[in-house]
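1. Give me a 3D structure for the following:
(one chain, ligands or ions: 1)
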Amino acid sequence: MIGRINSIQTLGTVDGPGVRFVLFMQGCPLRCGYCHNPDTWDFAGGYEVSSEEILEKVLRYREYFGKDGGITVSGGEPTMQVDFVRELFALCKGEGIHTALDTSGCIWNEKIEKLLELTDLCLLDYKMCNPEDYEKYTRCKKESVDFFLGELQRRNIDTWLRQVIVKGINDSAESVRMLYDVADAHPCVKKVELLKFRKLCAPKYENLGIEFPFGNLPETKAEDISAIMSAIGKA
Ligand code: SF4
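-> Numbering: from 1, shown residues only. Down below sits the predicted model:
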């Protein structure tokens, strides 16, 4: 099957456990204010590849995966090309390769249910804890993500909750505590990751001629995250 992808990172270490082959799919219906990959938004962008071609590449890196690594399919929003991702995951599972899906969790349909049968780990981008902010800054409804998380729990799929922390938006102790409360209410959640808001992507916005919505906000520093963790007693 043919899919449209943006790019490949062969030895990724930040998108799931171990060393991973990270595939960035092309196309995303959301518009997160901090998005690092605006070049993935356009569904007509990127380039076409077959699932077999990707498997062949993945297998070349297999020796680096060790016991924890594998493939992560990210984006863009990978569930927008669910048929392709499902076929790719089936091929990878056939080779005993660990599969991780990095998704916004904003979309749900029967095909995604089938995809989850082949998903070992879900990296769920739980972008905001305030429902109004969720819609305002991402164009996705928080209730959709809560539903998706409920489905992950129902299937007992290992999940990592990830949230990009942006000063003045979702960096209050109250907000982050709410995120941990969500994690605590779902035993399938094995890890919470607070990610720093970075602006390395600013040139991408310039090249695309589109506004970087959070371009005027400060980057988040490691000490900002540490301070929040201390404030909620998780340091
Ligand atoms: S879901 Fe991901 S790719 Fe899509 S706009 Fe948000 S951060 Fe960007």
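2. What residues sit buried inside the helix or strand harbouring Phe89?
-> For Phe89, the element it lies in under DSSP states H and E is helix 82-94. For helix 82-94, the neighbour count (16 or more other Cβ atoms under 10 Å) marks Val82, Phe84, Val85, Arg86, Glu87, Leu88, Phe89, Ala90, Leu91, Cys92, Lys93 as buried. Glycine gets a C-beta too; all of them are placed from N, C-alpha and C.
3. And for stretch 113-120?
-> Leu115, Leu116, Leu118, Thr119, Asp120.
4. contacts for it?
-> 70, 79, 82, 85-86, 89-90, 93, 98-101, 122, 151-152, 155, 157-158 (Cβ atoms under 8 Å, 6 or more residues apart in numbering).
5. same thing with stretch 129-146?
-> In contact with stretch 129-146 (Cβ under 8 Å, 6+ apart) are residues 29-34, 104-108, 124, 126-128, 169-170, 175-176, 178-179, 182, 213.
6. Can you flag the buried ones in those?
-> Those of these that meet the buried threshold are 30, 32-34, 104-107, 124, 126-128, 169-170, 175-176, 178-179, 182, by 16+ other Cβ under 10 Å.
7. from memory Ala231 sits against Ala173, does it?
-> Yes - contact criterion Cβ atoms under 8 Å: Ala231 and Ala173 qualify, at 4.0 Å.
8. send the alpha carbons of the longest strand belonging to the chain over as CSV?
-> Under DSSP state E, the strand in the chain containing the largest number of residues is strand 2-12. What follows is strand 2-12, C-alpha atoms only, in CSV (Å, rounded to 0.1, in the frame of the first residue of the first chain):
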residue,chain,number,x,y,z
ILE,A,2,1.1,3.5,-0.8
GLY,A,3,1.3,6.2,1.9
ARG,A,4,2.4,9.9,1.8
ILE,A,5,5.2,10.7,4.2
ASN,A,6,7.1,13.8,5.2
SER,A,7,10.3,12.3,6.4
ILE,A,8,12.2,9.5,8.3
GLN,A,9,14.4,9.6,11.3
THR,A,10,16.4,6.4,11.4
LEU,A,11,17.8,6.4,15.0
GLY,A,12,15.4,8.4,17.1
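9. now the next helix or strand after that strand against helix 82-94, angle please.
-> Toward the C-terminus, strand 2-12 is succeeded by strand 20-25 as the next helix or strand (DSSP H and E). Here the directions of strand 20-25 and helix 82-94 differ by 170 degrees (axes from the mean of the first three to the mean of the last three Cα atoms, to 10 degrees).
10. Get me the contact residues on the protein for the ligand.
-> By Cβ under 6 Å from any ligand atom, the residues of the chain that approach the ligand are Cys28, Leu30, Arg31, Cys32, Cys35, Asn37, Thr40, Gly75, Gly76, Glu77, Ser104.
11. For Pro29, pull up the helix or strand it's in.
-> Judged by DSSP H and E, Pro29 forms part of no helix or strand.
12. Glu132 versus that one, what's the distance?
-> Separation of Pro29 from Glu132 (Cβ to Cβ, to the nearest Å): 19 Å.
13. any idea of the angle the helix holding Phe89 forms with strand 2-12?
-> Using the same axes, to 10 degrees: helix 82-94 against strand 2-12 is 50 degrees.
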